[in-house]
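Asks: return a 3D structure for these sequence lines:
(4 chains)
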2 protein chains.
Amino acid sequence: MKDDRLSAQAPTTVTDVLNHLEASSLRLPKRLKQCAEFTRDNFHLVAVSTVSEMANASGVAPSVYVRFCQSLGFSGYSEMQTLFRAQYADQRPDYEARIAALRKEGGVETGKLMGDFIEAGHKSLVSLTNMEMSEALDRTAQGLSKARTIHLVGLRRAFCIVTNLSYLLDKLGVSSTLHFGSGILHSSNSILEDDAMFAVTYSPFSEETLRFAEEVHKKGVPVFGLSDSFACPLKDTSQEMLIAREDEVAGFRALTASISLTTALAVAIKAAQKQC
Amino acid sequence: MKDDRLSAQAPTTVTDVLNHLEASSLRLPKRLKQCAEFTRDNFHLVAVSTVSEMANASGVAPSVYVRFCQSLGFSGYSEMQTLFRAQYADQRPDYEARIAALRKEGGVETGKLMGDFIEAGHKSLVSLTNMEMSEALDRTAQGLSKARTIHLVGLRRAFCIVTNLSYLLDKLGVSSTLHFGSGILHSSNSILEDDAMFAVTYSPFSEETLRFAEEVHKKGVPVFGLSDSFACPLKDTSQEMLIAREDEVAGFRALTASISLTTALAVAIKAAQKQC
DNA sequence: GAGTAAATGGAATATTTTTTCCATTATTCG
DNA sequence: CGAATAATGGAAAAAATATTCCATTTACTC
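Replies: Numbers count the residues shown, from 1 in each chain, chains lettered A, B, ... in the order given. Below you'll find the predicted structure:
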């Protein structure tokens, strides 16, 4: 608004928009400021909301929200929304065009790669969204919260997940033990009856993890599992099974859904402990 | 279509829809099958696309796509889209209502928690989407691909990320060393001039990681950094800096964006090596 | 404190999007 | 092979959504 040269041309990336909001929100009039603040804090809603929804949520009239978009340099809400929607779409024509330059300079088309992984991440998160999993997470948290110590097991790809869980539980003051390295099976003596186990394994499932879980299960210790598929044999030894289906890019799967799920799990365990 | 009782009432979760698609897609007529298949593979697009877009992408007329939605039990496309959009929105009225039951039974409101982390995940991924980061990732991959061995450093929260990267690089046949535990500083003798370092630290930044990176940098070894903020002191010692801003839920941050970014990085490094 | 400029909200309009309808084409079954 | 049923695509109608316009309010300047 202050600088017409800047606002005359629309931002070309989401980050541009956010930076712009950060910079200009101070000297904006009341209602436009409300738009700027709400949008800054909830920018992920632009792609899936109508102007009216954004305007209501910001506490302003739809016409004001449109004017807000225009003050950012867009022709209106639709144009801004298109930018925010672009990242979800397979076809990113604009994006592709801009990447072309990179490719010519001998780049490895990394931009496309990152876009693909981001898209896969969104997909993984969407498929994580469902009631049954919420309820399973709740029961898992309840079960694990009763344990004296939670034994964390996961090898190879899954190791990163239990590593993260171990850090979080430690920070939250929940007692846990991280099992790793070869010969984890031999450590089953250290697991007592009032403990619990959280085992993670992805397809192709780790024999070692499965056998460890089985052994512990036979001792009467409750086992809780996380995997990427319902076909995981952990379901036979687990009291409760969490599934995080991860979308793949060129044969590689980022653990996006798993890390969100287990972070939520850590907080839920703590919450469940507090309640007792 | 075959069973009117089933299709008469709309699915209430995204997973319901996907399961339904899985089950019924075989015996569907040609065009509806196209809709089912495209939607199954690209369900994340429903929230951000118009019928025409979905129809075009499926290779059918808009009217056919609407009929497809109706065959799933929805009144039309709009109703189906509302379901897919719900998970992005702060206000999940329907969802909340269903969770209420859980809460009463003494649950810890875990369902809400998981929803919050999923939403935060989407947000983190959205803010990761921008050109500059794509280009920085590309340069980082190029730089690291030239190293004899990549030294991975990250403590506490960041450890999970380097752990994952270590696994991926190993699987890809790229030489790397994972540094961990106390006294990592002493291991700097093992880092040679034609190596490179990838250091990860999140706010509040780990002194140990920063000093390690600095020391290695002084030896003339290229350092590449990943953090959650531009304020990270790693930028002074790093040749290139990657930023993954993570959204928080109740003071906790899931490493959603970081894990997507580093998974893409691993693949990009391999791609860069192949090219030389 | 009056006059001017900017900001605002609601209503009217324009545009886009969804949905229904129907004529045409394909498929199934006798 | 022909009749009946189902499926399809295009176009018209309906609905929802975005945008503009303007009267009113608010803030600022002198």
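Asks: buried ones in the helix or strand containing residue A:113, by neighbour count?
Replies: The secondary structure element spanning residue A:113 is helix A:110-128 (assigned by DSSP states H and E). Of the residues in helix A:110-128, those buried under the neighbour-count criterion (16 or more other C-beta atoms under 10 Å in any protein chain shown) are A:110-128. C-beta coordinates here come from the backbone N, C-alpha and C atoms, glycine included.
Asks: just checking, residue A:222 touches residue A:194?
Replies: No: in this structure residue A:222 lies outside contact range of residue A:194 using C-beta atoms under 8 Å: 9.7 Å.
Asks: more neighbours: these two, which one.
Replies: Using other C-beta atoms under 10 Å in any protein chain shown, the more surrounded residue of residue A:222 and residue A:194 is residue A:222, with 21 against 11.
Asks: quick one: residues contacting that one.
Replies: If you count contacts by C-beta atoms under 8 Å, 6 or more residues apart in numbering or on different chains, residue A:222 has them with A:143, A:147, A:196-197, A:239.
Asks: out of those residues, the closest to residue B:165 would be?
Replies: Using C-beta to C-beta, residue A:197 comes nearest to residue B:165 of these, at 26.5 Å.
Asks: was I right to think the closest one contacts residue A:226?
Replies: No: counting by C-beta under 8 Å, residue A:197 does not reach residue A:226; the two are 11.4 Å apart.
Asks: quick one: the residue in chain A that DNA strand D sits nearest to from residue B:89, how far?
Replies: For chain A, the nearest residue to DNA strand D under the criterion C-beta to the nearest atom of the strand is residue A:76, separated by 2.4 Å. Here residue A:76 is placed at a distance of 22 Å from residue B:89 (C-beta to C-beta, to the nearest Å).
Asks: just residue A:228 next, same as before
Replies: With distances taken as C-beta to C-beta, residue A:228 is found 27 Å from residue B:89.
Asks: out of those two, which sits in the busier spot?
Replies: Neighbour tally, residue A:228 and residue B:89, criterion other C-beta under 10 Å: the higher count belongs to residue A:228, 22 against 19.
Asks: touching, the more buried one and residue A:200? I think so.
Replies: No: under the criterion of C-beta under 8 Å, residue A:228 lies out of contact with residue A:200, with a separation of 9.7 Å.
Asks: now list whatever residues contact both of those two.
Replies: The contact sets of residue A:228 and residue A:200 overlap at residue A:258 (C-beta under 8 Å, 6+ apart).
Asks: touching DNA strand D at all, stretch A:14-25?
Replies: No: for a cut-off given as C-beta under 7 Å from any atom of the strand, stretch A:14-25 has no contacts with DNA strand D; the smallest distance is 15.0 Å.
Asks: need the contact partners of that stretch.
Replies: A:1-2, A:11, A:33, A:36-37, A:39-40, A:43, A:72, A:80, A:83-84, A:87, B:126-127, B:129-130, B:132-133.
Asks: what's the ChimeraX line that selects buried ones from the residues you listed?
Replies: In ChimeraX, the members of the contacts of stretch A:14-25 classed as buried (16+ other C-beta under 10 Å) are selected with the following command:
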select /A:11,33,36,39,43,72,80,83,84,87 /B:126,127,129,130,133
